[in-house]
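Asks: the following comprises the amino acid sequence and a computationally predicted model.
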Amino acid sequence: DGSCTCYASASQGYWTGAHCSECLYGYYDSTCAEECPGGGSNPCSGHGSCLGSVSTTTANCFCTGDWYGGDCNCALNTTSLTNAEIASYDIAYQYHVRNCTSTQCTNNNTGTIHMGVWGFACDKECRGGAATPCSDHGVCSYGRGGSGECQCNQGW
């Protein structure tokens, strides 16, 4: 029938269109292998539109509603989150980032800095768990710019 089957892999890119000459939504760059912020399978964290194409070397999200941040995963207020979104976080809802311009992960109920979580959305636990980061035998690289890795105390 003359139709193309476009490539759809990390090594060959994610292509679409009648002549497989356009990037599949969620991907951009001349290779169509670069993912939009939020990931190729969930561009802009599902809360915005990704603007990127085969002719661009960068992609940006335009967030909708109460969402903001580079990949639209920050809620202006926690009432913007649905129950499903709350359940999707690795850690309890109370640790969802309240102020996405901050480098710290704060507890929404108390405003205190939580030293057991890390990641842009404060949705990952430090090794040893959020309640006992580094199993209480070291210091976790916590916060939005953290890695979750432990710097162990001497002897551990």
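Replies: Perfect, I can see it now.

Asks: quick one: secondary structure of the residue positioned nearest the centre of the chain?
Replies: Central residue check for the chain by C-alpha atoms, centre = their mean: the C-alpha nearest the mean position is that of Gly38, 5.0 Å away. Secondary structure, DSSP: H, G, I helix; E, B strand; the rest coil: Gly38 is coil.

Asks: hmm, it is touching Ser49, no?
Replies: No. Checked against C-beta atoms under 8 Å, the pair Gly38 and Ser49 is beyond contact range at 10.9 Å. (C-beta placed from N, C-alpha, C; glycine too.)

Asks: overlap in contacts of the two?
Replies: Common contacts of Gly38 and Ser49, defined by C-beta atoms under 8 Å, 6 or more residues apart in numbering, comprise Cys61.

Asks: one step back: tell me the contacts of the residue nearest to the centre of the chain?
Replies: With contacts taken as C-beta under 8 Å, 6+ apart, Gly38 has the following neighbours: Cys44, Ser45, Gly46, Cys50, Cys61, Asp71, Cys72, Asn73.

Asks: please enumerate the helices of this structure.
Replies: All helices of the chain, identified by DSSP state H, fall at 83-88.

Asks: lowest-confidence helix or strand of it?
Replies: Across the helices and strands of the chain, mean pLDDT, DSSP states H and E gives its lowest value to helix 83-88, namely a mean of 55.

Asks: and Asn153, how many neighbours?
Replies: Other residues lying near Asn153 total 11 when counted by other C-beta atoms under 10 Å.

Asks: so how far is Ala131 from it?
Replies: For Asn153, the distance to Ala131 equals 18 Å [C-beta to C-beta, to the nearest Å].

Asks: list the buried ones in stretch 8-24?
Replies: For stretch 8-24, the neighbour count (16 or more other C-beta atoms under 10 Å) marks Gly13, Tyr14, Trp15, Thr16, Cys20, Glu22, Cys23, Leu24 as buried.
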